[in-house]
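>>> I need the structure of the sequence given here:
(one chain, ligands or ions: 1)
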Amino acid sequence: MVSVSYINPLSEEGKEIARELGDLNRILDENSQLIQAVIQSKHQEISDDSYIPKNYVDLAVKRIEWHVRKRNDPEYKSNKNRYSFLFNEGISKFDVVSFYLLCQAIGIKFGPNSRESKLMIESQGKIMEDRLEELPRYERKEIVGQILNNIIIDERIKWTFLEDLLSSRKINLMDLILSNGELILDKADFIKRFSDRIELRDPEKMYNLVIGERIKELIMIKMIMQETEDYISQVHDMSRNIEPHPSLIEIGDRISDVLQEQTQYYPRFEGEVTASTLNPNAFPPCIKLILEGVGSGKRNDAIVLILTSFLSYARLYPSIFSQNMTVKVSDADPDLKIIQNEILPLIYEAAGNCNPPLFDDQPQEKLNITAKLGFGLHETPNLKHEGESKWYTPMSCEKIKIHLSTLCKPDEACKKIGNPLSYYTRRMSEVKSKNKPKK
Ligand code: SF4
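Numbers count the residues shown, from 1 in each chain. This is a model prediction of the structure:
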């Protein structure tokens, strides 16, 4: 069976390897064992010397480069054998060290809320997925079971154990099977709790259908991604009091170079709607209604809960639902100019259109708007308060229909979406493809 650290570098085994081999003064030294392991990887392309990482730092940078290329480079498929070594268990111990180096370099140089940190977490998720894909079925099942047993020590798992994953949208509550607030993963447990309620079907087959290995893998991967995020945060906090090692700064610089090169040469993936000036023609009917003003009783929720999150995400992070990441306003609007000059004026104008104007009798709602953007309860957003509250993602159509049903006047396009933001991104990508010059 493959080693646990090959999939989970944050395991005890992985930490032990990092302690043993991660001497920062030697990470730039040429490592003949690593070179041999890379060259011997199945299908590895060796036609160019630059495809072979020579030391831990090279390997760390290649790890990120693989992910960025796989995501953005249309030529990736024909060049993927340049990265075959990443799927050779023989590089495991070197890979673990490179994982820690990346987390430390990113934590120190860019911080936990940076684009680089998100890429690192995302790349760790993808590397685990692809490595599991390469394993024979029995081995895949065994290693996932072993890792989960190490992470989840308690036999009874309360759903609150996954609170961080749920709130950061790494996991959807709908994917989980719960009983009395407990997460059900084990087959015997599932059969014991549900078999008398399952009619005309084999409970074992039902287990394989609704839980099976898929959910276990999903939970394992997302938990390790969350731990990676936490580790980068810890490094960042600690780095305030410690002088960083120059090699870590070098890794940070090389990651910047990789990202710069990739964004320069490769477009974002086809169809993705990126941050751009708002297009009111693509707004869904409910948002158009709110902008015109809402009567008393519904004003507060319409402006503070629906409009604020919709406009901010539509302008700054329209693809949030497909990215599966936690983001902050400043990731897309570092000096908050867009929030101050484009988004807040629209929200305040809609608040003024309400009957009676929202802030006339409820000026405290300005504080709530700031809070829903992630800046805590303050009059206006300020970078020093960012993170005091959560940046709320737009409410689903289902919730709007339940709580503010009069605002939902669906049109044809509403049939295909579940959230006003998805309506907007869908319409925007239609506009984009219409305007695209024909080849
Ligand atoms: S279906 Fe959704 S997007 Fe369409 S009007 Fe209703 S709430 Fe808005």
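>>> Can you pull out the low-pLDDT segments for the stretch 101-250 of the chain?
For the stretch 101-250 of the chain, residues meeting the criterion pLDDT under 70 lie at 153-156, 167-170.
>>> ok, which residues in it are in contact with the ligand?
Contact residues, the stretch 101-250 of the chain versus the ligand (C-beta under 6 Å from any ligand atom): none. Heads up, the C-betas are built off the backbone N, CA and C, glycines and all.
>>> so which residue of the stretch 101-250 of the chain comes closest to the ligand?
M174 (18.1 Å; C-beta to the nearest ligand atom).
>>> For that residue, give me its contacts.
With C-beta atoms under 8 Å, 6 or more residues apart in numbering as the criterion, no residue contacts M174.
>>> Tell me the secondary structure at it.
With DSSP: H, G, I helix; E, B strand; the rest coil as the basis, the three-state label of M174 is helix.
>>> Please enumerate the helices of the stretch 51-200 of the chain.
Per DSSP state H, counting those that start in this stretch, the stretch 51-200 of the chain has helices spanning 56-72, 76-79, 92-109, 115-134, 137-151, 163-167, 187-194. These are given in chain order.
>>> The shortest one - contacts with which helices or strands?
Packing contacts for helix 76-79, counted by 3 or more C-beta pairs under 8 Å, 6 or more residues apart in numbering; DSSP states H and E, involve helix 56-72.
>>> which residues sit against the helix it packs on?
Residues contacting helix 56-72 (C-beta under 8 Å, 6+ apart): 22, 27-28, 31, 34, 53, 76, 79-80, 83, 86, 91, 94-95, 97-99, 101-102, 105, 119-120, 122-123, 126-127, 247, 250-251, 254-255, 258-259, 262-263, 266-269.
>>> rerun that using 7 Å as the cut-off
The set of residues that contact helix 56-72 without belonging to it, under C-beta atoms under 7 Å, 6 or more residues apart in numbering, is 27-28, 31, 34, 53, 76, 83, 86, 94-95, 97-98, 101-102, 119-120, 122-123, 126, 247, 250-251, 254-255, 258-259, 262, 266, 268-269.
>>> Throw together a PyMOL command that grabs the buried residues out of the residues you listed.
In PyMOL, the members of the contacts of helix 56-72 classed as buried (16 or more other C-beta atoms under 10 Å) are selected with the following command:
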select buried, resi 27+28+31+34+53+76+83+86+94+95+97+98+101+102+119+120+122+123+126+247+250+251+254+255+258+259+262+266
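>>> Look up the closest residue to the residue of the chain most remote from its centre, ignoring the ones flanking it.
Note on the chain: the largest C-alpha distance from the chain mean falls to P356, namely 40.1 Å (C-alpha atoms, centre = their mean). With C-beta to C-beta, 6 or more residues apart in numbering as the measure, S296 is the residue that lies nearest to P356, at 6.5 Å, once sequence neighbours are left out.
>>> Quick check: that neighbour vs D361, distance?
Here S296 is placed at a distance of 9 Å from D361 (C-beta to C-beta, to the nearest Å).
>>> Need the winner for burial among the helices of the stretch 51-200 of the chain.
Neighbour counts (mean count of other C-beta atoms under 10 Å) averaged over each of these peak at helix 92-109, with a mean of 25.
>>> which residue ranges form the strands in this structure?
Along the chain, the segments classed as strands by DSSP state E run 157-158, 178-179, 182-183.
>>> Return the most buried member of those.
Between the strands of the chain, strand 182-183 has the highest mean count of neighbours, a mean of 19, where neighbours are mean count of other C-beta under 10 Å.
>>> Quick check: can you name the pairing partners of it and their directions?
For strand 182-183, the paired strands and their directions (DSSP bridges) read strand 157-158 (antiparallel), strand 178-179 (antiparallel).
>>> Relative to K384, which of the ones you listed is closest?
Nearest to K384 among the strands paired with strand 182-183 is strand 157-158; the distance by C-beta to C-beta comes to 35.2 Å.
>>> contacting residues around that closest one?
Residues from elsewhere that reach strand 157-158, judged by C-beta under 7 Å, 6+ apart: G181, E182, L183.
>>> Can you report how many residues lie near T406?
Other residues near T406 come to 13 when the count uses other C-beta atoms under 10 Å.
>>> how close does it sit to D361?
Per C-beta to C-beta, T406 is found 21 Å from D361.
>>> related to what we said a few turns ago, separation between the residue farthest from the centre of the chain and P363?
Spatial separation of P356 from P363 under the definition C-beta to C-beta is 12 Å.
>>> And R268, what's its pLDDT?
pLDDT, R268: 45.
>>> Offset the numbering so it begins at 23, please.
OK, 23 is where the count begins now, so the last one is R290.
>>> Which residue ranges make up each domain of the protein?
Following the assignment in automatic domain parsing, the chain carries domains at 26-157+164-170+238-287, 302-457.
>>> Are the shortest one and the ligand in contact anywhere?
In other words, domain 302-457. Yes - contact between domain 302-457 and the ligand is present through P306, P307, C308, C419, I422, C430, K431, P432, C436, P442, Y445 (criterion: C-beta under 6 Å from any ligand atom).
>>> Filter those residues down to just the ones in helices.
Assigned to helices by DSSP state H, the following of the residues of domain 302-457 next to the ligand qualify: P307, C308, C419, I422, P442, Y445.
>>> residues contacting G112?
If a contact means C-beta under 7 Å, 6+ apart, then G112 has A59, Q62 as its contacts.
>>> Oh, that last question was meant for S139, not what I typed.
By C-beta under 7 Å, 6+ apart, the contact set of S139 is I128, F132, G133, I254.
>>> for M142, same thing?
With C-beta under 7 Å, 6+ apart as the criterion, the residues that contact M142 are I86, L124, C125, I128, T250, I254.
>>> what does the model give the residue lying closest to E164 once chain neighbours are set aside for pLDDT?
In this structure, E164 finds its nearest non-sequential neighbour in M23, 5.8 Å apart by C-beta to C-beta, 6+ apart. According to the per-residue confidence, M23 scores 83 in pLDDT.
>>> next one: the one 5 residues further on
pLDDT, Y28: 96.
>>> what's the distance between the closest residue to it other than its chain neighbours and K37?
Of all residues not flanking Y28 in the chain, S114 sits nearest, at 4.3 Å (C-beta to C-beta, 6+ apart). Between S114 and K37 the distance is 14 Å, computed by C-beta to C-beta.
>>> Likewise for D186?
Taken as C-beta to C-beta, the spacing of D186 relative to K37 amounts to 21 Å.
>>> Equivalent analysis for N94, please.
Computed as C-beta to C-beta, the N94 to K37 distance reads 32 Å.
>>> for L399, same thing?
Looking at L399 against K37, where the rule is C-beta to C-beta, the gap reads 40 Å.
>>> Next, count neighbours for K320.
17.
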